[in-house]
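[1] Take a look and give me a structure for this.
(chains A, B, C and D)
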4 protein chains.
Amino acid sequence: MIALAVFGTGRIGQVHARNIAALPGVRLKYVVDPVASAARDELAAGLGAQVAAPDTVFADPDVDGVVIASPTDTHAGLLLDAVTAKMAVFCEKPVSLDFPTVAGVTTQVEASGVPVMLGFQRRYDPNFRTVRDRIAAGTSGRLEQLVMHTRDPGPPPVSYVRVSGGMLRDQAVHDFDQARYMTGEEIASLYAIGNCQIDPDIGAAGDIDSLMVTMLTASGRMVQMSNNRRGPLGYDQRLEAHCAREVLFIDNRPQNDLRIAGPEGALSAPPMDYFIARFEAAYRNEMIAFVEMIRNGTPPLAGIRDGLEAQRLAEAALVSIATGAPVALSPDWQP
Amino acid sequence: MIALAVFGTGRIGQVHARNIAALPGVRLKYVVDPVASAARDELAAGLGAQVAAPDTVFADPDVDGVVIASPTDTHAGLLLDAVTAKMAVFCEKPVSLDFPTVAGVTTQVEASGVPVMLGFQRRYDPNFRTVRDRIAAGTSGRLEQLVMHTRDPGPPPVSYVRVSGGMLRDQAVHDFDQARYMTGEEIASLYAIGNCQIDPDIGAAGDIDSLMVTMLTASGRMVQMSNNRRGPLGYDQRLEAHCAREVLFIDNRPQNDLRIAGPEGALSAPPMDYFIARFEAAYRNEMIAFVEMIRNGTPPLAGIRDGLEAQRLAEAALVSIATGAPVALSPDWQP
Amino acid sequence: MIALAVFGTGRIGQVHARNIAALPGVRLKYVVDPVASAARDELAAGLGAQVAAPDTVFADPDVDGVVIASPTDTHAGLLLDAVTAKMAVFCEKPVSLDFPTVAGVTTQVEASGVPVMLGFQRRYDPNFRTVRDRIAAGTSGRLEQLVMHTRDPGPPPVSYVRVSGGMLRDQAVHDFDQARYMTGEEIASLYAIGNCQIDPDIGAAGDIDSLMVTMLTASGRMVQMSNNRRGPLGYDQRLEAHCAREVLFIDNRPQNDLRIAGPEGALSAPPMDYFIARFEAAYRNEMIAFVEMIRNGTPPLAGIRDGLEAQRLAEAALVSIATGAPVALSPDWQP
Amino acid sequence: MIALAVFGTGRIGQVHARNIAALPGVRLKYVVDPVASAARDELAAGLGAQVAAPDTVFADPDVDGVVIASPTDTHAGLLLDAVTAKMAVFCEKPVSLDFPTVAGVTTQVEASGVPVMLGFQRRYDPNFRTVRDRIAAGTSGRLEQLVMHTRDPGPPPVSYVRVSGGMLRDQAVHDFDQARYMTGEEIASLYAIGNCQIDPDIGAAGDIDSLMVTMLTASGRMVQMSNNRRGPLGYDQRLEAHCAREVLFIDNRPQNDLRIAGPEGALSAPPMDYFIARFEAAYRNEMIAFVEMIRNGTPPLAGIRDGLEAQRLAEAALVSIATGAPVALSPDWQP
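    As a prediction, the model looks like this:
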C-alpha cells in the first residue's frame, strides 16, 4: 500500500486527492492546508484521510510521496522539504515565479536523486500524448511546423494576474512546454508580440491578454503559438503538427454530441469548459504515473527540468515583447 | 462530331443543354420546345443551336441522340419516336406516371436494341457512385443494412403534386432506385407508412408529405427510407451503408466551409440547396456517360428497366400505405 | 444521511456502487451478492460498505432505497421484497423476461405507492435529455420523424443471448423506450423485420442479429429503428429527431479529439466503446435522480410502467417478425 | 454587349475565358497568345472568339476591357498599354516581380483614372468574403487575432520557383493580401522565419519552402501565417479570425461528402485539389465583378494598390528572414 499526502485543498488539490483515492493499492493518508475550511475537512473525511501539518507529513516514514497543489509561493519550500525527507514529489507548476529560484531548486532536486514530477498535465492528456508518440515513433515523419492555440474562456481577475506571474508564466508556459515536448528539441530562438486588447484592467496591472509567439529549433523546426485571455468560443486548446507524412490535429472536445440544425445551419456544442473538465483524464493519468514512478521508478513525462526550460521560454518571450527583438537562446540563457 | 438534341427548356433541360455544349467533340444541334419563350431562344442562341420541331429532329440523320427533359406526359411518345428513328436516348424519369405504359415502353425499347439511358442522377454523383463501387468490389464486405434520407427544402405547390404523380413517384423513386443499385438485388418485400404531417393542402390533393419505407431483399439485406417534403435543415440527401467491414456515410454537402463559433457553439452551413446545385457534378457526368454510350456502347449506369423497377417499388409502397400491409414483390408484380 | 444497498456486483452494479459513494449526504451501507468474489469484497471494503444477505437489507429500517443490478431472473422477486419493505427502488431493466410477470409486478408496484425508478439510462444521458427537453418545451416544433440507430461493437456470446431474452428484449428495448420518451405518445402500430446476417450461432440459438422497425403513433408521428449486433464502426448510438422547426442529431462521441490527415483523407476516432464509457454521465445522473426521488419525491424520468410499455413493444416486434405483418397496439395488447 | 479580350491561354487564362463566355451580355472577342497552340485555337473556336495580336486588341474601339493572364514578365507592359488605350483591366498578380516597377505602374494607373482590378481571387471566394463582411459590418466584434494557413499539395518544380519570384511573392502574397483585407488596416511591423525543410532543390535555387510570419497592425491586431510547399493533407487553405464576439473559421473544402468508418475510425475526404477547383466560384465571381466594374463603375474588391501593398509585405518578409530582425513598415518602406 502506497501512502500519499496532498498539500493544498483548492480546486486542483481536490482533483488530485479524489484521483488518488480511486487508485487501487494507494491510500491518501494526509491532507494539508494551513487554512481551515469546510472543503478541506469534508475532503479529508470523505476520503478517509487526516488533516495534518506539513511537519507531520514529512516526519512520517510511511509516506511515499507528496502532491504539492498549494499556492505557488509555497512550492519551492515544500519541494525542498520533501526532497530532504526523501519523499517522491508531484508538484504543480511553476516551482516559483522567480526564475533563479527555479534554477536553484532544479539543481538541488537533480543532485538529490529524489524523483520529482511536474504538473504539465497536457503531457498526460491522451490526445497530446498520442500526437507526441506518433511523432517520436517516426510514424508521422519529421515534424516541420507546429501550431498551437490556447485561449481562456474569459479574462482572470486582476488579483489572479498579480500572483500568477502573468499570462506568459501561468498560461503560455503550457505551450512552451509542448513546443519542447512535441519537437523533442530545445528552442534556439524566439520572437513574441504581446499586448492588451481585451481587458484594460489587465494592462493596467502590467500584464498582457493577447500573445503570439514564433520559435525555431536548432534543426529548423518552426513553432507558432497564438494565445489570449478570452476567446468567444470558450476554452480553446488546439494543436496542429504538420509532419512530413501526416498532419495531426488536436481539436477542442465539445461539451456534448448534439447538432441542432435549422435554416441557418447546424449548431454544435462549445468546447468543454474549463481545464478541470477538459483535462479530467489527464489529471487521472498524472496520479497513475506518479504512483508508477514511486512503485517502479518509471520516469515521469514531465520532470523538474522541464519546468525550468518552459519557464526559460516564458521569460525569453517577456524579453522579446519588451525589446521588440527576437531572443537567441542557449542552455544558460537567463532573463 | 456527335450531334444531339434537347427536348424541353425548363430548368433541367437548360442544365443538360449547357453541359452538352461544354463537351469536346459534341455539338448541340437542336433545342426543342413547343412553347416559345425567351429562355428557349436565348439558350439556343447562346449555344449555337437551332430551335426546331420534333419532326425535324427525328428526320435528321445527323442526330446521334436526344435528351428528353420535357414534361412527363410527353416522355413515352418522344422516347418511342426516338427509338423508331434509331437515335440513342437520355430520358428524364419517369417514362410515364402510368405503370402499364412504363412496362410497355420498356418492352419495346428493349426489343429495339436502341440504347436508352434514364435520368437517375444519383447514380452519377461521385459520392453515391463511390459507395456503390466499394460495395460492388467487395471492399466494404457484404452490405447488410442500408439507411437513406431524402427531404425536400419545402413542400412543392399542389399544382406540381398533381402532375408529378405524388411524392412516391417524383421523389421517393430515387431512393427506390438506390435500394436496388446499392444492394445489387431486387426487393423481395416492402412495407410503407405515409401520411400528411406538414402541408394539409398536399393531403387535400390526395398525396402524402411524410414517408417511411422498410424493404428486404431476397438474400436478407435490409433497407430503410425516411422521406418528407420539408426538413428544416433544407435539402437532406443522406445514405448510410452498413457493411460487414465498413460503414459508408454520404453526408449533405454544406453550402460553404465556414464555421462561426460563439458562446452557443459553432454554426456550420446548411446543405446545398437544391438539386440543381447539389447534383451539379452528377448532371455533368450524365451527359459524359450519354456520349460514351453513343460513342463506345458503354452501358449506362441506369437503363430503361431501372426506371420500371424503381417505379414498381413506388407503386408497391402506395399499395402498402393504402392497405396497411407489407407487399411481397415478384418480377411480374403489378399494382 | 441517506443509506442505500446495491444488489449485484457485476459490471453495472459496481458502477452504481461507486457513483453512490461519490454523492454527498449518501452512504452505501450494503453490497449484496450471493456469489462470493474478490470483486464483491473489494468493492465493499473500498467503499466502506458491508457485504450482507438480502434479508438483512430488507430488515434494516435504516435503508432508504435499494439498487437492483443482479441477474434478470432475480429482479421481480427483489423488487417486490423491497416494495414490501417500503424501500424505494432503482431497478435495472427488464423487470422480467416474462411479459405477464412484468405486467403483474407493475400493477403491484403502482398499487403500493412505493417509488420505483427503472434503469433506462439514455433518459439520463445529457444528449438524449436535451433533445427530449427541446421537443417537450416546444422549441423544436412538432416532432414528425424519429430515426434511431443502435449497433453493438460485436455479437455477444450465445450464452448471453440465451439469458438476455434476445436482441429485442436486451438491446432494442432501449430504442422502444426512446420512441415513447421522444414522441411523448404511445405507439399505435409497429412493423419489424429481423434476421441473422452476422453470426450464425445467434441464429442457431433462435435469436436475430439484425433488425429494422417502423412505428406510428396515434397522432401520426413516424419512428424508425435500425439495429444490429456488430457495426464495424463500433458502438453506434445515434438519434435524429426531425421536427417542424429544427432537426436534432445525437452523434456518437469519439474516443478522442484527434484527426490524422494524410493523402487519403482525415481519420477521426471511433465512437466510445462501450456502454459503461459512453453512458458514464448517464449512470452518474441516474443515482443523483434516485437520491432526489427518495429525498424530495421528484418523479424519475423512467418509472416502472415505462419498462412495461417498452417491453410490450419488444414483444410486438417479435410477433411482427414471426408473422410478417404489422401489429396494431392497444393498452391491453399482450403477446 | 460588352466585349473583352483575354491575354494568355494557360490554365488560368482558359478559366477566365470560359467564365467570360458564360456571362449574359458579355462577349469574348479576342484571345491573345503569341505562342501558337492547339489549346489556344480550340479555346477561341469553342467560344467564338478570334485569335489576335495585342495591337489589334488595343486598336479596337469595341473592346471594353482586357484580362491579363499571360506570363508575369508581360503584365506591366500590357497593363500600361491597356491603360493608354483606356481599356479597363483585370490583371493577374503580380504586376511585376520588381518592386519599384510595381510602384511605378501603380502610380501611373492611379493617375490615369482607368479602372484596374487585381487577381487576388480569395477576396472573391464566398468564404473569405463572408468573413470579411461580418467583420467589416461589426457583427463579429473587433478582430483581434488572425491566423492563416497556406500549404501547397507538393513543391513546385525548381524552374517555376525561378520565374515566380519565390514562395513569398507567388504564394504567401495571398496571405499578405488577406492580412490587410481582413484587418482593414496596414501592417505596422512584421517578423518572418523561413527555411528549406522539404525540398533541398528549392533551397539550392535560393528559395525557401517553409515559412512563418507574425504581423502587428497599427491598432494592435495580431496576424500569424504558416505556409509551406507541401502539406501531406494536400492543398491547405484555412483562416481563423478571432474576434471579440465570435470566431470565424474557414475550413478546407473536402473533395466529396463521404465518411468511411471502420474499427480505426472514420476517414473523410482530403481537401479539394488544387486552386482551379478550390477557387472555382471565386474565379467566376472575379469575372462578374470585372464586368460590373466596367458597366457600373463598381469598385473592385482588389485594386492596383492592393497588389503593391501585399508585395511590400512579401519584400519585408524577405528582409526579415535575411536579417533575423522584425521590420517596421511605413507607407514608403522599400526593400
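
[2] Worst mean pLDDT across the helices and strands of chain A, which element?
    None of the helices or strands of chain A scores lower by mean pLDDT, DSSP states H and E than helix A:38-47, at a mean of 88.

[3] ok, residues contacting that helix?
    Helix A:38-47 has contacts (Cβ atoms under 8 Å, 6 or more residues apart in numbering or on different chains) with A:Thr9, A:Gln14, A:Ala17, A:Arg18, A:Ile20, A:Ala21, A:Leu28, A:Val31, A:Asp33, A:Ala49, A:Gln50, A:Val51. For glycine as for every other residue, the C-beta is placed from the backbone atoms N, C-alpha and C.

[4] Can you pull up the most central residue in chain A?
    Nearest to the geometric centre of chain A sits A:Phe120, at 3.1 Å (Cα atoms, centre = their mean).

[5] Now do the contacts for the residue lying closest to that residue once chain neighbours are set aside.
    Ranked by Cβ to Cβ, 6 or more residues apart in numbering or on different chains and with sequence neighbours excluded, the top spatial neighbour of A:Phe120 is A:Ala302, at 4.1 Å. Counting by Cβ under 8 Å, 6+ apart, A:Ala302 touches A:Met117, A:Leu118, A:Gly119, A:Phe120, A:Arg123, A:Asp177, A:Tyr181.

[6] Which ones among those residues map onto strands?
    Among these, the subset assigned to strands under DSSP state E consists of A:Met117, A:Leu118.

[7] For the contacts of A:Ala302, give me a markdown table that also has pLDDT and distance to B:Leu211.
    Shown next, in a markdown table, are those (pLDDT from 0 to 100; distance: Cβ to Cβ, whole Å):
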| residue | pLDDT | distance to B:Leu211 |
| --- | --- | --- |
| A:Met117 | 98 | 61 |
| A:Leu118 | 98 | 61 |
| A:Gly119 | 97 | 57 |
| A:Phe120 | 97 | 56 |
| A:Arg123 | 98 | 53 |
| A:Asp177 | 98 | 57 |
| A:Tyr181 | 98 | 55 |
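
[8] and the helix or strand containing A:Arg27, is it in reach of chain C?
    Per DSSP states H and E, A:Arg27 falls inside strand A:26-32. No - applying Cβ under 8 Å from any Cβ of the partner chain, one finds strand A:26-32 separated from chain C by no less than 10.8 Å.

[9] circling back: helix or strand right after the least confident helix or strand of chain A?
    Counting by DSSP H and E, the next helix or strand C-terminal to helix A:38-47 is strand A:50-51.

[10] residues making contact with the helix or strand containing A:Asn227?
    Counting by DSSP H and E, the element that carries A:Asn227 is strand A:222-228. Strand A:222-228 is contacted from outside by A:144-152, A:167, A:171-172, A:175-176, A:179, A:183, A:187, A:197-198, A:209-217, D:144-145, D:147, D:193, D:195, D:210, D:212, D:214, D:222, D:224, D:226, D:242, using Cβ under 8 Å, 6+ apart.

[11] The residues you listed in strands, which ones?
    A:144-151, A:187, A:210-217, D:144-145, D:147, D:193, D:195, D:210, D:212, D:214, D:222, D:224, D:226, D:242.

[12] Give me the pLDDT value at A:Arg245.
    With respect to pLDDT, A:Arg245 has a value of 97.

[13] right, and it touches C:Pro263 too?
    No - contact criterion Cβ atoms under 8 Å: A:Arg245 and C:Pro263 do not qualify, at 9.0 Å.

[14] re earlier: neighbouring strands of the strand holding A:Arg27 in the sheet, and parallel or not?
    The pairing partners recorded for strand A:26-32 under DSSP bridges are strand A:2-7 (parallel), strand A:50-51 (parallel).

[15] Minimum distance to C:Arg134: which of those strands has it?
    strand A:2-7 (41.6 Å; Cβ to Cβ).

[16] After that closest one, which helix or strand is next?
    Following strand A:2-7 in sequence order, the next helix or strand is helix A:11-21 (DSSP H and E).

[17] Spell out which residues of the stretch 51-200 of chain A are next to chain D.
    Going by Cβ under 8 Å from any Cβ, the residues of the stretch 51-200 of chain A near chain D are A:141-142, A:144-145, A:147, A:149, A:151, A:189, A:191, A:193, A:195, A:197-198.

[18] Which single residue in the stretch 51-200 of chain A comes nearest to chain B?
    Across the stretch 51-200 of chain A, the shortest distance to chain B (Cβ to the nearest Cβ) belongs to A:Pro153, at 8.9 Å.

[19] Settle this for me: that residue is touching A:Arg230, isn't it.
    Yes - assessed by Cβ under 8 Å, A:Pro153 is found in contact with A:Arg230 at 7.0 Å.

[20] buried stuff in the least confident helix or strand of chain A?
    Applying a neighbour-count criterion of 16 or more other Cβ atoms under 10 Å in any protein chain shown, one finds A:Arg40, A:Leu43, A:Ala44, A:Leu47 buried in helix A:38-47.

[21] Show me chain A divided up by domain.
    A:2-114, A:122-274+A:303-328 (automatic domain parsing).

[22] Can you lay out the ones you listed as TSV showing distance to B:Ile250?
    What follows is the domains of chain A, written out as TSV (distance: least, Cβ to Cβ, whole Å):
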stretch	distance to B:Ile250
domain A:2-114	43
domain A:122-274+A:303-328	16
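
[23] Fine by me, thanks again.
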